[in-house]
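Sequence first, then the predicted structure, then my questions.
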Amino acid sequence: MGTSPDGDDRTLPAETRIGRVALRVGDLDSTTAFYRDVIGLAVLDRNGTTATLGAGGTPLLELTADPDAPDRGRADAGLFHAAFRVPSRAALGDALDRIRERWELDGASDHDVSEALYLADPEGNGVEVYRDRPRESWSTVGDGRVHMTTEPLDAEGVAAAAAGEDGAPADTNVGHVHLEVTSIEAFERFYIGLCSFGIRRRILRVSDAAAKVVDGGFQ
């Protein structure tokens with residue numbers, strides 16, 4: 001996968017990045033307020049049906065009001081979470097302070113390569129806010145895929161690093177998006193075979209009829 005019939009590697013360049021995430025939401029006002037006040041994104045543009053939020057003037061999230069959108073079933077494919085990457089432990093500490101003060105934290109993990117906070121927006125969409133450790137410190141296994149763990153986060157250490165900033169730093173970006181899919185094989189045919197993503201790490205978790213693929217692309 002990601003290799004042409006003549007053997008040429010056609011995997012996307014390592015510097016490829018996600019530009020922005022677009023979501024349909026039932027309540028535009030409350031969802032916009034969440035991403036502004038809790039996640040720390042700035043409102044860059046807003047009208048009656050859409051809101052664009054970002055950091056440092058760069059759009060990272062587009063919300064479109066759709067009050068008639070059907071509820072997503074537990075076994076349906078769709079978004080697992082959108083992950084916003086902040087540039088430092090201090091910025092992650094600021095995010096933790098905002099979540100504790102204004103929302104509810106669902107989970108927090110140390111993945112060895114990163115430290116991460118997990119929560120859900122008012123529409124039930126999963127959100128991750130995380131910071132990467134320096135890539136030169138990442139370890140690999142087997143064929144070069146990234147080694148990750150899931151351990152309890154040193155939340156108080158993260159909180160102690162907070163710088164007291166109320167908004168996300170200008171160089172915050174969309175680090176990755178995790179999807180829930182009903183067929184891993186179809187997922188790989190499309191994203192790896194056609195879109196030329198590479199596999200960084202593979203974890204399969206099956207719940208009901210849905211399978212979650214973690215890091216089936218770049219981070």
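The structure has been received and is ready for your questions.

Ala162: neighbouring residues, count only.
When counting by other Cβ atoms under 10 Å, one arrives at 17 neighbours for Ala162. Any C-beta I mention is one placed from the backbone N, CA and C, and that applies to glycine too.

Can you give me every residue that contacts it?
Contacts for Ala162 were tallied using Cβ atoms under 8 Å, 6 or more residues apart in numbering; they are Ala90, Gly93, Asp94, Leu96, Asp97.

Verify the stated contact: the second one with Ala159.
Yes. The pair Gly93 and Ala159 passes the contact test of Cβ atoms under 8 Å, sitting 5.4 Å apart.

what's the weakest-modelled helix or strand in this protein?
Each helix and strand of the chain was given a mean pLDDT (mean pLDDT, DSSP states H and E); the minimum falls on strand 210-213 at a mean of 36.

coming back round to it: of Gly93 and Ala159, who's got more company?
For Gly93 and Ala159, the more surrounded residue by other Cβ under 10 Å is Gly93, and the numbers stand at 24 against 14.

isn't there a helix covering that one?
Yes. Going by DSSP: H, G, I helix; E, B strand; the rest coil, the assignment for Gly93 places it inside a helix.

measure the nearest residue to it once chain neighbours are set aside to Ala95 for me?
Beyond its immediate neighbours in the sequence, the residue positioned closest to Gly93 (Cβ to Cβ, 6 or more residues apart in numbering) is Ala162, lying 3.1 Å away. Distance of Ala162 to Ala95, given as Cβ to Cβ, to the nearest Å: 9 Å.

dump the residue contacts of Thr49.
With contacts defined as Cβ under 8 Å, 6+ apart, Thr49 is in contact with Leu28, Thr64, Ala65.

Can you redo the contacts of Ala162 as JSON lines, where the extra columns are pLDDT?
As requested, these are arranged in JSON lines below (pLDDT from 0 to 100):
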{"residue": "Ala90", "pLDDT": "98"}
{"residue": "Gly93", "pLDDT": "98"}
{"residue": "Asp94", "pLDDT": "98"}
{"residue": "Leu96", "pLDDT": "98"}
{"residue": "Asp97", "pLDDT": "98"}
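
and stretch 100-107, how far out from the chain's middle?
Here stretch 100-107 shows a centroid-to-chain-centroid distance of 17 Å under the convention Cα atoms, centre = their mean, to the nearest Å.

got the buried residues for it?
Trp103 (16 or more other Cβ atoms under 10 Å).

Quick check: end-to-end length of that stretch?
Stretch 100-107 has an end-to-end distance of 12 Å (criterion: Cα to Cα, to the nearest Å).

Now it: average pLDDT?
Regarding stretch 100-107, the rounded mean pLDDT is 97.

which other residues reach it?
Counting contacts by Cβ under 8 Å, 6+ apart, the residues outside stretch 100-107 that touch it are Phe34, Asp37, Val38, Leu96, Ile99, Leu117, Tyr118, Leu119, Ala120, Ala159.
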